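Colleague: Build me a structure from this.
(chains A and B)
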Amino acid sequence: EPEVTQTPSHQVTQMGQEVILRCVPISNHLYFYWYRQILGQKVEFLVSFYNNEISEKSEIFDDQFSVERPDGSNFTLKIRSTKLEDSAMYFCASSESRLLSGVRSSYNEQFFGPGTRLTVL
Amino acid sequence: SQKIEQNSEALNIQEGKTATLTCNYTNYSPAYLQWYRQDPGRGPVFLLLIRENEKEKRKERLKVTFDTTLKQSLFHITASQPADSATYLCALDIKSGGSYIPTFGRGTSLIVHP
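Modeller: The predicted structure follows:
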């Protein structure tokens, strides 16, 4: 069964350093997402990506964050200058399509990867 | 502000009983609502999606109801098993500015005792 993969599984970095988290979405999926989950807290949306551009982003996704699809398979999240509060699990997800209801669309079933645990020291 | 509320207290039940989890939302009328399962240290796994014009959806031992008047969804697991022990998250799109942002509740932990 196809699955979303993420590397590395655990990343330790010093505050102020840049990190790149990598994801390989399911191959026929068109929508890609990044979420984060601080330990003990809820899953929080960061950004969605479709057709090589950002579709939506949350308030968390500030100028320190960027996403890229450098080739046909990888989807990356870059944090330019990490802070202590960036320590969290980062999940990549992908979905085949979006659901449409009149003028409103919604995200369809999302397949999540296993996550990258980022620890900022 | 728009909120999703799930019972933060863990639900403890005996094997074989029906577990019922609640998701309430405020100030919004979603077109869809989704339920996911999350095991410790793992990513969420999609379980069921219900549309605003559907009252009920079933999949094997799972059943979801959606009451748009009460702004509430109930998630039922019948004949529960210890393997059903996990955190269950409800998710819907919440309007933020001009966009609809996929938003998860904090989740309710279910513990099924043998």
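Colleague: beta partners of the residue in chain A positioned nearest to chain B?
Modeller: Residue nearest to chain B within chain A (C-beta to the nearest C-beta): residue A:112, separated by 3.2 Å. C-betas here are computed from N, CA, C, even on glycine. For residue A:112, the beta-bridge partners under DSSP bridges are residue A:93.
Colleague: got a list of what it touches?
Modeller: A:4, A:35, A:91, A:92, A:93, B:43, B:44, B:45 (C-beta atoms under 8 Å, 6 or more residues apart in numbering or on different chains).
Colleague: can you do 7 Å?
Modeller: Residue A:112 makes contact with A:4, A:91, A:93, B:43, B:44, B:45 under the criterion C-beta atoms under 7 Å, 6 or more residues apart in numbering or on different chains.
Colleague: Would you mind putting those residues into JSON lines with pLDDT, secondary structure and neighbour count alongside?
Modeller: Shown next, in JSON lines, are those (pLDDT from 0 to 100; DSSP: H, G, I helix; E, B strand; the rest coil; neighbours: other C-beta atoms under 10 Å in any protein chain shown):
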{"residue": "A:4", "pLDDT": "96", "secondary structure": "coil", "neighbour count": "23"}
{"residue": "A:91", "pLDDT": "98", "secondary structure": "strand", "neighbour count": "27"}
{"residue": "A:93", "pLDDT": "96", "secondary structure": "strand", "neighbour count": "28"}
{"residue": "B:43", "pLDDT": "94", "secondary structure": "coil", "neighbour count": "23"}
{"residue": "B:44", "pLDDT": "96", "secondary structure": "coil", "neighbour count": "27"}
{"residue": "B:45", "pLDDT": "96", "secondary structure": "strand", "neighbour count": "15"}
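Colleague: Neighbours of residue B:18, how many?
Modeller: 12 (other C-beta atoms under 10 Å in any protein chain shown).
Colleague: correct me, but residue B:103 touches residue B:89?
Modeller: No - using C-beta atoms under 7 Å, residue B:103 makes no contact with residue B:89, being 10.3 Å away.
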